[in-house]
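J.: Here you go, sequence then predicted model.
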Amino acid sequence: MTPGARNLITDVDGLIVGNAQDDHLKSGTTVLLSKQGPMTTSYAVMGGAPGTRDTDLLEPDKTVPGVDAIVLSGGSAFGLAAAQGVMDHLAEQGRGFAVHSARVPIVPAAILFDLLNNGRKDWDTNPYPDLGRKAVTAAAQDFALGTAGAGTGATDAQHKGGLGSASLVLPDGTTIGALVAVNALGSATTPSGKHFWAAPFEIGTEFGGLGPDPTAGLQPLPPSRKAAAMAQHGNTTIGCVATDATLDKAACKRLATAAHDGFARALVPAHTPYDGDLIFVSSTGKRGAPSDEVMPLLGHFAAVCMARAIARAVWEATSRDNDALPTLRSELARIQT
């Protein structure tokens, strides 16, 4: 197994991603879009505090066969309005679920809480519809990680979070990728602050090559900087997994459940009552069904991609004025000096 050419979710053929953010707001929006029509999609929530739009449609027993785009956004419930900006843009392009002569773009969304991160939130008009429109119009195969899009104002327990992505090309040629905005109650780093929980899954030096923590045994978690600086209840990690393998909605649902293992491998703790942890899974159907060799392990590969994407999100975060928490890189530089 190797990463795709970009080591991004857009290594899945036909997918593009767009970011839009406002550094004064310290928030933003990310859109996953298929260039070639609707994606078969389902989802799984394992956090206790989700914020979502149109996710009921993604259950295997619901009628809508696919979605046109997926939105990840900051802004808490205000950020759900980003999907409206995306929907309006897609409607102008003539995309959407056909209902007789009408077309209705299907744009499910999930949000994270970044309202207490020292950004300016004193808006007169909700900024997220405009951020959604800007994100979808900026969609391309290459996109920024770290302090970008939905990850702009994100944090974990100890450091700035961010937007991450990773991919794998599997033995039968299937491609799978993950996209995630990390704003967790838990931490992506071990108690030492010098190593990622996801270190065993790193490929090359994609998130710094820091290696596994050499400390053996169970380690007590340090006090949360995030809880001290902001709030215990302002969290959530939201993400997408996509593959070119042909999967139905039920298989996407099963894969979304398995992909949550990536959250548990890369964030400690994960899936708390104060996180809205959610993963969308989409199939573009560009290839046939996975091989008999790959199919039983597809959930494992999804979780590996997600764990790597989470660590990349934190590793790629960059400092901005008036940040509530430091970046991991700045902390490592301070420790080394």
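T.: Sure, I can see it.

J.: Tell me which stretches of the stretch 1-150 of the chain form strands.
T.: For the stretch 1-150 of the chain, the strands defined by DSSP state E, counting those that start in this stretch occupy 15-22, 27-34, 40-45, 52-53, 69-73, 97-99, 102-104, 109-111.

J.: Is it possible to get a markdown table of the ones you listed that adds distance to residue 308, mean pLDDT and mean neighbour count?
T.: Yep, even glycine has a C-beta here, placed from its N, CA and C like the rest. Shown next, in a markdown table, are the strands of the stretch 1-150 of the chain (distance: least, CB to CB, whole Å; pLDDT from 0 to 100; neighbours: other CB atoms under 10 Å):
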| stretch | distance to residue 308 | mean pLDDT | mean neighbour count |
| --- | --- | --- | --- |
| strand 15-22 | 16 | 98 | 24 |
| strand 27-34 | 17 | 98 | 31 |
| strand 40-45 | 19 | 98 | 24 |
| strand 52-53 | 25 | 98 | 20 |
| strand 69-73 | 17 | 98 | 31 |
| strand 97-99 | 33 | 88 | 11 |
| strand 102-104 | 35 | 91 | 13 |
| strand 109-111 | 20 | 98 | 30 |
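
J.: Point out where this structure drops to low pLDDT.
T.: 337 (pLDDT under 70).

J.: How about the contacts made by the residue positioned nearest the centre of it?
T.: Centroid-nearest residue in the chain, with CA atoms, centre = their mean: residue 180, separated by 1.6 Å. Shown in contact with residue 180 (CB atoms under 8 Å, 6 or more residues apart in numbering): 163, 164, 165, 237, 238, 239, 240, 306, 309, 310, 313.

J.: Next: residue 283.
T.: 39, 40, 41, 242, 243, 244, 245, 246, 247, 248, 251, 252.

J.: Would you write a PyMOL line that selects the buried entries of the residues you listed?
T.: Here is the PyMOL command that picks out the buried ones among those, judged by 16 or more other CB atoms under 10 Å:
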select buried, resi 39+40+41+242+243+244+245+246+247+251+252
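
J.: Looking at the contacts of residue 283, spot the one nearest residue 288.
T.: Checking the contacts of residue 283 against residue 288 with CB to CB, the nearest one is residue 246 at 5.5 Å.

J.: Counting neighbours, what do you get for residue 96?
T.: 17 (other CB atoms under 10 Å).

J.: surely it meets residue 107?
T.: No. Applying CB atoms under 8 Å as the test, residue 96 and residue 107 come out as separate, 9.2 Å apart.

J.: Make CSV from the strands of the stretch 1-150 of the chain and add distance to residue 129 to it.
T.: Formatted as CSV, the strands of the stretch 1-150 of the chain follow (distance: least, CB to CB, whole Å):
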stretch, distance to residue 129
strand 15-22, 11
strand 27-34, 10
strand 40-45, 22
strand 52-53, 12
strand 69-73, 10
strand 97-99, 20
strand 102-104, 17
strand 109-111, 12
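
J.: So which of those is nearest residue 296?
T.: For the strands of the stretch 1-150 of the chain, the distance to residue 296 is smallest for strand 40-45, at 18.4 Å, taking CB to CB.

J.: the helices in the stretch 201-337 of the chain, which residues?
T.: 225-229, 249-266, 298-315, 328-336 (DSSP state H, counting those that start in this stretch).

J.: Pick the most deeply packed of the ones you listed.
T.: When you average the neighbours per residue for each of the helices of the stretch 201-337 of the chain (mean count of other CB atoms under 10 Å), helix 298-315 leads with a mean of 28.

J.: Could I have the CA atoms of that helix written out in CSV?
T.: Output of helix 298-315 as CSV, limited to C-alpha atoms (Å, rounded to 0.1, in the frame of the first residue of the first chain):
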residue,chain,number,x,y,z
LEU,A,298,-11.8,-1.8,3.6
GLY,A,299,-12.8,-0.5,7.0
HIS,A,300,-9.3,-1.0,8.3
PHE,A,301,-7.9,1.0,5.4
ALA,A,302,-10.4,3.7,5.9
ALA,A,303,-9.4,4.0,9.6
VAL,A,304,-5.7,4.1,8.7
CYS,A,305,-6.4,7.0,6.3
MET,A,306,-8.5,8.8,8.9
ALA,A,307,-5.8,8.4,11.6
ARG,A,308,-3.1,9.8,9.3
ALA,A,309,-5.4,12.6,8.1
ILE,A,310,-6.0,13.7,11.8
ALA,A,311,-2.3,13.8,12.6
ARG,A,312,-1.6,15.8,9.3
ALA,A,313,-4.3,18.3,10.3
VAL,A,314,-2.5,19.1,13.6
TRP,A,315,1.0,18.9,12.0
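
J.: can you give me the angle that helix makes with helix 328-336?
T.: 60 degrees (axes from the mean of the first three to the mean of the last three CA atoms, to 10 degrees).

J.: Which neighbouring elements make contact with helix 298-315?
T.: strand 162-169, strand 175-182, strand 238-243, helix 249-266, helix 328-336 (3 or more CB pairs under 8 Å, 6 or more residues apart in numbering; DSSP states H and E).

J.: quick one, the longest one and strand 40-45 angle?
T.: Inter-element angle recorded for helix 249-266 and strand 40-45: 40 degrees (by the same axes, to 10 degrees).

J.: Go ahead and measure how far helix 249-266 is from the middle of the chain.
T.: 13 Å (CA atoms, centre = their mean, to the nearest Å).

J.: Which neighbouring elements make contact with it?
T.: Identification of packing neighbours for helix 249-266 by 3+ CB pairs under 8 Å, 6+ apart yields strand 40-45, strand 238-243, strand 278-283, helix 298-315.
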